[in-house]
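Peer 1: Below is the sequence, then the predicted model.
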Amino acid sequence: MMVEEINSGSKENPYDLIIIGLGPAGLTAAIYAGRYNMKTLLVGSSYGGMIAQAHKVCNYPGFTEITGANLTKEMVNHVNNIGVPIKLDTITSVSKNGNLFVLTGHEGIFYSKTVIMATGSEKKRLEIVGEKEYLGKGVSYCATCDAAFFQDKDVCVVGGGDSALTSALVLSEFAKTVYIIYRKPEFMRAEPAWVEKVESNSKIKTIFNAELNEIKGEQFVSSVILKDNSEISLQGVFIEVGSEPNTSLLKDLNVEFDGNFIKVDRNQETSENGLYAAGDITNNVLKQVITACSEGAVAAFSAYKKSKSN
Ligand SMILES: Cc1cc2nc3c(=O)[nH]c(=O)nc-3n(C[C@H](O)[C@H](O)[C@H](O)COP(=O)(O)OP(=O)(O)OC[C@H]3O[C@@H](n4cnc5c(N)ncnc54)[C@H](O)[C@@H]3O)c2cc1C
């Protein structure tokens, strides 16, 4: 290993840029930063982020249809090909020491002149009785990961957006019956292409204007109780009711929010000097791979321009 690599990230020899998050936003930012020859570290707790859970991605240009896992693999290969180092670690705090950012992870402390936050979001919980208790025993937040365990079983998906509908479609390849339980009177937020597929799938039955009150079972899930007290016997509950951005790392910094999301300008700059944000964590209007990639590219360009101006 070269001396340069050993010392990289120390206070005396900080990175130009640290990107936090190995989803589409972070991986794209790394591709751009690498090509700008910035001394960059890409750090994240797991490869791929949310998109790694997608059964089929059909709206990313260049790929008519690709699994989320394979799209991730292509992006990671691209980063490796450019030579940006990737570190698997969870960052537990980000603070400032003078003009430098100090990132603390389980594996060490890293210093950098600029940071791109690309930490995406976490699935929201329903916070109902039985949800925590039966997690991994019938309750899941990832149909792509767990659908195969429900061969010939009855399951439900809670939610009515794209993630809920695509989860129901994945589950229909294994389960006997898939109930979609949605609190609205119709699918208002989902892509029409997914709605059509769901409506023409004989295994999927949608229950509109309904909400879950409780998940019941013994060792494993055996039924759900709806708010109107009706009970449905089933073995699996897949929860797809949206997500919350992972912003807790920023509590010691001067970052402005728009609701729960990081407020950015068109250069992906936050209100903290030298800190950029990209992807699902920002207050953008469309939370998709293509927008995450685009924001990652712009954030890297902005960090590059800043490093040149110092
Ligand atoms: C089931 C499903 C299907 C989807 N299908 C599609 C689709 O077909 N087309 C489409 O365009 N979009 C789809 N999406 C949306 C898409 O996945 C997201 O918009 C996209 O992944 C956002 O990318 P991101 O890089 O901003 O965040 P993420 O992909 O969420 O990545 C964030 C990364 O940050 C890491 N991280 C978080 N906190 C820390 C920390 N403290 N330290 C280190 N690392 C951290 C996470 O582990 C993760 O690797 C789907 C989403 C889901 C859930």
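Peer 2: Thanks, I have it. Residues are numbered from 1 along each chain as shown.
Peer 1: Surely Gln261 touches Pro245?
Peer 2: Careful, residue 261 is Phe and not Gln. Yes - Phe261 lies in contact with Pro245 (C-beta atoms under 8 Å); the separation is 5.4 Å. Using the backbone N, CA and C atoms, a C-beta is placed for each residue, glycine as well.
Peer 1: which residues are common contacts for those two?
Peer 2: Both Phe261 and Pro245 are in contact with Ile281, where contact means C-beta atoms under 8 Å, 6 or more residues apart in numbering.
Peer 1: more neighbours, these two?
Peer 2: A count of neighbours by other C-beta atoms under 10 Å puts Pro245 above the other of Phe261 and Pro245, at 22 against 18.
Peer 1: ok now do the more buried one, which residues does it touch?
Peer 2: When contacts are counted by C-beta under 8 Å, 6+ apart, Pro245 touches Thr119, Gly120, Ser121, Asn260, Phe261, Ile262, Asp280, Ile281.
Peer 1: How much space separates Lys96 from Leu249?
Peer 2: The gap separating Lys96 from Leu249 is 13 Å, by C-beta to C-beta, to the nearest Å.
Peer 1: Tell me where the stretch 101-250 of the chain has strands.
Peer 2: For the stretch 101-250 of the chain, applying DSSP state E, counting those that start in this stretch gives strands covering 108-117, 121-123, 139-140, 154-158, 177-181, 204-207, 212-217, 221-226, 231-233, 236-239, 243-245.
Peer 1: So which residues on the stretch 201-310 of the chain come close to the ligand?
Peer 2: Applying C-beta under 6 Å from any ligand atom, we find that the stretch 201-310 of the chain lies next to the ligand at Asn246, Leu249, Gly279, Asp280, Ile281, Lys287, Gln288, Val289, Ile290, Ala292.
Peer 1: Pull up the gap between the fourth one and Glu122, please.
Peer 2: In this case it means Asp280. Using C-beta to C-beta, Asp280 is found at 10 Å from Glu122.
Peer 1: shared neighbours of these two, anything?
Peer 2: Residues touching both Asp280 and Glu122 (C-beta under 8 Å, 6+ apart) are Ser243.
Peer 1: The two - which one has more neighbours?
Peer 2: Neighbours were counted for Asp280 and for Glu122 using other C-beta under 10 Å; Asp280 has more, 27 against 12.
Peer 1: List the contacts of that one.
Peer 2: Contacts of Asp280 by C-beta under 8 Å, 6+ apart are Gly23, Ala25, Met50, Gly120, Ser121, Ser243, Pro245, Lys287, Ala292.
Peer 1: count of neighbours near the fourth one?
Peer 2: A count of neighbours around Gly120, defined by other C-beta under 10 Å, yields 25.
Peer 1: And for the third one?
Peer 2: By other C-beta under 10 Å, the residues close to Met50 number 21.
Peer 1: any idea which helix is longest in the chain?
Peer 2: Assignment by DSSP state H gives helix 289-309 as the longest helix of the chain.
Peer 1: Not counting its neighbours along the chain, what's nearest the residue nearest the centre of the chain?
Peer 2: Geometric centre of the chain, nearest residue: Met50, 3.3 Å, by C-alpha atoms, centre = their mean. Spatial nearest neighbour of Met50, excluding adjacent residues (C-beta to C-beta, 6 or more residues apart in numbering): Gly120 at 5.8 Å.
Peer 1: again with Val129
Peer 2: Among residues not flanking Val129 along the chain, Glu214 sits closest, at 4.5 Å (C-beta to C-beta, 6+ apart).
Peer 1: What parts of the stretch 51-200 of the chain come near the ligand?
Peer 2: Residues of the stretch 51-200 of the chain lying near the ligand (C-beta under 6 Å from any ligand atom): 51, 53-54, 57, 59-60, 90-91, 118-121, 163, 166.
Peer 1: so how far is Lys263 from Gly274?
Peer 2: Distance of Gly274 to Lys263, computed by C-beta to C-beta: 16 Å.
Peer 1: How about Lys132?
Peer 2: Distance of Lys132 to Lys263, computed by C-beta to C-beta: 32 Å.
Peer 1: Then Lys137?
Peer 2: On the measure of C-beta to C-beta, Lys137 and Lys263 end up 40 Å apart.
Peer 1: where does the stretch 1-150 of the chain dip in pLDDT?
Peer 2: Scanning the stretch 1-150 of the chain with the threshold set as pLDDT under 70 gives 1-8.
Peer 1: quick one on the thing from earlier: could you give me the average pLDDT of the longest helix of the chain?
Peer 2: When pLDDT is averaged along helix 289-309, the result is 96.
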